[in-house]
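Trainee: Here's my sequence, what's the structure:
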Amino acid sequence: MKPATDSSLPHWTIRSEHSGAFLRLQRLVKGRASFTLCFLTYSDSVYRDEVAGFLEGRLNAHVRVAIDPEERIGTEVLFDRLSVEPDNGPAQLMGLESWPESFDDLLGRLNRRRDALPERCPRPLLVWVLSSNLEKVATRAADLWDWRSGVFDFTLPPAEVRTDRHQFHLGGPAMFAPDRQGRIERLQKYLAKHSPSSPADVDLLLDLGDLQRSLGDVAEAANTYSRALETVASLDDPRRRAITYGRIADIRQERGQLDEALRILTEEQLPLFEKLGDALRRPPEGHHAGQNRRRPADPRPTRRSPADPNRRRTARLRTTRRHPLPRHHPEQNRRHPAGTRATRRSPADTDRRTITRLRRTR
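Mentor: Predicted coordinates:
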């Protein structure tokens, strides 16, 4: 492992779309002398190094530790290098995907040794992670992930990424050719002793083909993919078969056989994915369409739309009220419809009643 060199240019400045992330990071860590965990996501290693150099000048983050895939060390040495000059601003850790064992192995070690980080690194720690691996960090190192104080995005649009296009599948651009060649030899040795016959063997063949393809050996990769297709043909596994057809179509496309690649995708791979989708949407065998899945023994009828030809046509039941509401009387209290209450009469009403009574007494 070796400290990363300063790659910032004298007049280089951060891109405008990342200025907000930088300002939030600056408010969080500048002048802080205690452990603060921050994750910085990136998609282009060249731009990552430029931003790291920019942070050195703005945040005094001169301690940069880049993991070297050729140097096998433990977490103790890693913590020692992060604790150098603790009063000299934040520390930057990059190259997690280049850990010699594997990225998952490093996540497991950091998650288990997380309690030692605040003591060994009493400063803000800026961890650079590929944006495609951020979900893996949250799931494989969940306890360490809970300690985060923020996630800051410094990714570039896909059209501007300048790194190897196989890096996300093969573990990053720092996985050098000798390491890939060594894994190819181990896979070939294993597959020579064990005849491929299981889904796990198909996965190994696909990995072998991907490694051969990443080293430019397209012919060997095509043969390996064909061998994987022969193996998966004897298995009832449409998903792996569809993935294998996709790899073969990629080989055809790289060779310029665009029509054949399109035929494989539309006639071979697409029907398999459609079959998988139908299987997911199909109810279990013996399951009634209107049956409640939580209580299988209690089938419930489903509501049919008016356009359904099988809908039962029954006459609508008409019910009449047994006690119709009485019409409102002028002297009836609106708040109490069932009872009436005498209302206050005007003097004219009293005079008319008196005149009527006098006429009757004549």
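Trainee: After whichever helix or strand L78 is part of, which helix or strand is next? Please name it.
Mentor: Applying DSSP states H and E as the criterion places L78 in helix 75-82. Beyond helix 75-82 on the C-terminal side, the first helix or strand identified by DSSP H and E is strand 91-94.
Trainee: Using CSV, write out every CA atom in that next one.
Mentor: Below are the C-alpha coordinates for strand 91-94, written out as CSV (Å, rounded to 0.1, in the frame of the first residue of the first chain):
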residue,chain,number,x,y,z
ALA,A,91,-7.8,11.4,5.8
GLN,A,92,-8.9,9.9,2.5
LEU,A,93,-9.1,6.2,1.8
MET,A,94,-9.5,5.0,-1.7
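Trainee: tell me which residues in stretch 264-274 are buried?
Mentor: Neighbour-count burial for stretch 264-274 flags 264-265, 268-269, 272 (criterion: 16 or more other C-beta atoms under 10 Å). Heads up, the C-betas are built off the backbone N, CA and C, glycines and all.
Trainee: of the residues you listed, closest to L23?
Mentor: L265 (45.0 Å; C-beta to C-beta).
Trainee: Y42 versus that closest one, what's the distance?
Mentor: Counting by C-beta to C-beta, to the nearest Å, the gap from L265 to Y42 is 31 Å.
Trainee: swap in Q212?
Mentor: Going from Q212 to Y42 by C-beta to C-beta gives 28 Å.
Trainee: Next: P124.
Mentor: In this view, P124 and Y42 are 18 Å apart by C-beta to C-beta.
Trainee: ok, now I73?
Mentor: Distance of I73 to Y42, computed by C-beta to C-beta: 23 Å.
Trainee: Neighbour count: these two, which is higher?
Mentor: Ranked by neighbour count (other C-beta atoms under 10 Å), I73 and Y42 place Y42 first, with 23 against 14.
Trainee: Return the backbone torsion pair for the more buried one.
Mentor: Per-residue torsions, Y42: phi -150, psi 160 (degrees, to the nearest 10).
Trainee: And S102, by the same measure?
Mentor: When read as degrees, to the nearest 10, the backbone of S102 gives phi -180, psi 160.
Trainee: State the number of residues packed around it.
Mentor: 11.
Trainee: ok, it to T75 distance?
Mentor: As judged by C-beta to C-beta, S102 and T75 stand 14 Å apart.
Trainee: same thing with G150?
Mentor: Distance, G150 to T75, using C-beta to C-beta: 23 Å.
Trainee: T224 now?
Mentor: Applying C-beta to C-beta, the value for T224 to T75 is 36 Å.
Trainee: how about the strands of the protein, start to end?
Mentor: Secondary structure of the chain (DSSP state E): strands at 2-3, 36-42, 63-66, 91-94, 124-130, 148-153.
Trainee: nearest to Q253, of these?
Mentor: Closest to Q253 of the strands of the chain is strand 124-130 (C-beta to C-beta; 25.1 Å).
Trainee: What average pLDDT does the closest one get?
Mentor: Averaging pLDDT along strand 124-130 yields 93.
Trainee: and it, what does it pack onto?
Mentor: In this structure, strand 124-130 makes packing contacts with helix 19-29, strand 36-42, helix 45-59, strand 91-94, judged by 3 or more C-beta pairs under 8 Å, 6 or more residues apart in numbering; DSSP states H and E.
Trainee: export these to a markdown table and tack on distance to A116 and mean pLDDT?
Mentor: Formatted as a markdown table, the helices and strands packed on strand 124-130 follow (distance: least, C-beta to C-beta, whole Å; pLDDT from 0 to 100):
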| stretch | distance to A116 | mean pLDDT |
| --- | --- | --- |
| helix 19-29 | 20 | 90 |
| strand 36-42 | 13 | 94 |
| helix 45-59 | 24 | 86 |
| strand 91-94 | 15 | 90 |
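Trainee: Endpoints of stretch 55-72, how far apart?
Mentor: End-to-end span of stretch 55-72 (C-alpha to C-alpha, to the nearest Å): 28 Å.
Trainee: List the contacts of the residue nearest to R213 when sequence neighbours are not counted.
Mentor: With C-beta to C-beta, 6 or more residues apart in numbering as the criterion, R213 has its nearest non-adjacent residue at 4.0 Å, and that residue is A221. Contacts here follow C-beta atoms under 8 Å, 6 or more residues apart in numbering; on that basis A221 touches 209-210, 212-213, 251.
Trainee: Name the member of these with the most neighbours.
Mentor: G209 (28 neighbours).
Trainee: What separation is there between that one and G20?
Mentor: Taking C-beta to C-beta, one finds G209 at 42 Å from G20.
Trainee: Just to check, L126 is in contact with Y42?
Mentor: No. Between L126 and Y42 there is no contact under C-beta atoms under 8 Å: 11.4 Å.
Trainee: so what sits against both of those two?
Mentor: Contact with both L126 and Y42 is made by no residue, according to C-beta under 8 Å, 6+ apart.
Trainee: re earlier: and T224 and T75? Which one has more around it.
Mentor: Applying other C-beta under 10 Å to T224 and T75 shows that T224 carries more neighbours, namely 26 against 15.
Trainee: So the more buried one is in contact with D207, correct?
Mentor: No. With contact defined as C-beta under 8 Å, T224 does not count as touching D207 (9.3 Å).
Trainee: and T36, how many neighbours?
Mentor: The local packing of T36 (other C-beta under 10 Å) involves 20 other residues.
Trainee: which residues sit in contact with it?
Mentor: Neighbouring residues of T36 by C-beta under 8 Å, 6+ apart: 28-29, 90, 123-125, 149.
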